[in-house]
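[1] quick one, fold the following:
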Amino acid sequence: MFSTFVQLERGRFSKWLTDPKLYRNILNHLEHSSLALKSENFWALYWQKQWRFGCNNLATMHLLAYLQEPCYWAASKTVAKFFTLNQYLLADYFQMAIAEVETILKDFNPEKSSSLKAYAMMAMPSRLRDILRQRREADTCTNWALLRKVSKKLLSEALSEAGLSQNAVAQYRLAWTCFNELYVQNQPGNTSQLPEPNRQLWEAIANLYNHKCQNQITQPTLARNAQTIEQWLTQTAVYVRAYLFPPVKSLNAFKQNDDTTVTFELPDPSSEEPMADMIAEEDVQNRQNQISRMSAVLLKALQNVDVKTQEVLKLYYQQGLTQQQIMQQLQMSQPTVSRRLVKGRESILAALIKWSQDLNISVSSNQIKDMSFALEEWLRNQYGEYNINL
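    Numbers count the residues shown, from 1 in each chain. Purely as a prediction, here's the structure:
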């Protein structure tokens, strides 16, 4: 799980490729840990902690390997849902998901969510939908609408990422500032289809730039005409698009030695860290004890739910059926299906809140939201929606 990577062929899963250095590293750690803690969840939390504190330069690759499956399933669901767009293939969506792994790791909170993989399974499809929505919006934006929407901070980052010198960044940024001051859209309507400025406006923007550059550009600079300003801003829009949505490319680049092994350019495994391992094991053991007790409460609450509601929950979380499909299969009305889903979750959530209060843990509205999120994750794990081998 922590040393293998998905290989796609002809737009579908082909096989797992193993990196030998990652495999030796995880094997080395396994040999120096107690038998009781050789669990998937332990190592996911361990490497995520190493990654967060920058303690191990292999942690990122271990986590990237571990989250291959959530990335694959998110890509599969996305390509199935948006197949009519015919813009991206499964491999494209898969690489978009891989590029979002760092965001998933940053957002994951082990105190609120017990499983990194389950969290990624839930969060990754949402990330892909957001990316698609933003890309479609950016694709329909004219250059001038895009420049009106972008922030100064993002603009500076895009220009720096494009490799421009500090002086060039300052000049492009000042031209953008002058453009924003003078280009005002007076007519209501679609703000993504703003028209190109006319010649008179370009002249005014150039004059404002030349006036301001004497005080705002540190290095001496020549006066710029309207044509140059227009070229700068057109190129700036190109830089912003490229920065917001870089072209999809493989982050799993490798040198293939044979049919089953892939070698990354990685350093040798780091030296043993027995004290860090012991602390991590103790932290995870305490957390797992808490999770175990909580799971027992949730399981009992689920068993106390009436049989019909359990059947609805199973079809929804295990088979991934929609409410419409459940309605047809169980011969229920749609409101009944919806009500059973809501009431079932509410009943289990109420048991979890009561258990917390019995332990003298005060529960705020924000904590109830966290509990509701954790319950959703637990139900998906309980019914094993994604426990399928690729």
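[2] give me the low-pLDDT residue ranges for the stretch 1-150 of the chain?
    33-38, 55-56, 82-87, 133-140 (pLDDT under 70).
[3] that one: strands as residue ranges?
    Taking DSSP state E, counting those that start in this stretch, the strands of the stretch 1-150 of the chain run over residues 4-9, 12-18.
[4] do the stretch 201-350 of the chain as well
    In the stretch 201-350 of the chain, the strands defined using DSSP E, counting those that start in this stretch lie at 255-256, 262-263.
[5] and residue 50, how many neighbours does it have?
    21 (other C-beta atoms under 10 Å). Glycine gets a C-beta too; all of them are placed from N, C-alpha and C.
[6] what residues sit buried inside stretch 156-170?
    For stretch 156-170, a neighbour-count test (16 or more other C-beta atoms under 10 Å) marks 157-159, 162, 164, 169-170 as buried.
[7] now do it: distance from first to last residue.
    Terminal residues of stretch 156-170 lie 9 Å apart, using C-alpha to C-alpha, to the nearest Å.
[8] contacting residues around it?
    150, 172-173, 216-219, 221, 236, 239-240, 242-244 (C-beta atoms under 8 Å, 6 or more residues apart in numbering).
[9] so what's the nearest residue to residue 119 once chain neighbours are set aside up against?
    Excluding the flanking residues, the one nearest residue 119 by C-beta to C-beta, 6 or more residues apart in numbering is residue 113, at 4.6 Å. Each residue near residue 113 by C-beta under 8 Å, 6+ apart is listed here: 119, 373-374, 377.
[10] can we see that at 10 Å?
    107, 119-120, 122-123, 370, 373-374, 377-378 (C-beta atoms under 10 Å, 6 or more residues apart in numbering).
[11] and what of residue 121?
    Counting by C-beta under 10 Å, 6+ apart, the residues that residue 121 touches are 67, 69-71, 73-74, 77, 115, 377, 380-381, 385-386.
[12] redo the residues you listed as CSV? Include distance to residue 206 and neighbour count.
    Below are those laid out as CSV (distance: C-beta to C-beta, whole Å; neighbours: other C-beta atoms under 10 Å):
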residue, distance to residue 206, neighbour count
67, 49, 25
69, 54, 21
70, 51, 23
71, 47, 26
73, 52, 20
74, 47, 26
77, 50, 17
115, 57, 21
377, 56, 18
380, 58, 20
381, 61, 18
385, 59, 17
386, 57, 14
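[13] need the residues you listed in CSV (columns: distance to residue 290).
    Listed next are those as CSV, based on distance: C-beta to C-beta, whole Å:
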residue, distance to residue 290
67, 24
69, 26
70, 24
71, 29
73, 28
74, 29
77, 31
115, 14
377, 15
380, 19
381, 16
385, 24
386, 24
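[14] what about the buried residues of stretch 156-170, which are in helices?
    Of the positions in the buried residues of stretch 156-170, 157-159, 169-170 sit in helices, assigned by DSSP state H.
[15] neighbours around residue 296, how many?
    Neighbours of residue 296 (other C-beta under 10 Å): 11.
[16] you'd agree it is up against residue 355?
    Yes: between residue 296 and residue 355 there is a contact under C-beta atoms under 10 Å: 9.4 Å.
[17] what's the burial count for residue 358?
    Residue 358: 9 neighbours (other C-beta under 10 Å).
[18] tell me the domain ranges of this structure?
    1-140, 164-244, 273-390 (automatic domain parsing).
[19] quick one: closest of these to residue 146.
    Proximity to residue 146 (C-beta to C-beta) singles out domain 164-244 among those, at 5.4 Å.
[20] what's the mean pLDDT across the closest one?
    The average pLDDT for domain 164-244 rounds to 83.
[21] for the remainder of this discussion, apply numbering that starts at 573.
    Understood, numbering begins at 573; the last thing we discussed is domain 736-816.
[22] let's see the distance spanning it from one end to the other.
    End-to-end for domain 736-816, by C-alpha to C-alpha: 17 Å.
[23] just give me how far that domain sits from the chain centre.
    33 Å (C-alpha atoms, centre = their mean, to the nearest Å).
[24] for stretch 898-914, same thing?
    32 Å.
[25] contact partners of it?
    With C-beta under 10 Å, 6+ apart, stretch 898-914 has contacts from 877-878, 880-889, 891, 893-897.
[26] what residues of it count as buried?
    Here stretch 898-914 shows 898-899, 902, 904, 908-909, 912-913 as buried, counting by 16+ other C-beta under 10 Å.
[27] quick one: which of the residues you listed is nearest residue 768?
    Once C-beta to C-beta is applied, the member of those that ends up nearest residue 768 is residue 913, at 50.8 Å.
[28] for residue 883, see how far away that closest one is.
    11 Å (C-beta to C-beta, to the nearest Å).
[29] that's all I had, so thanks and see you.
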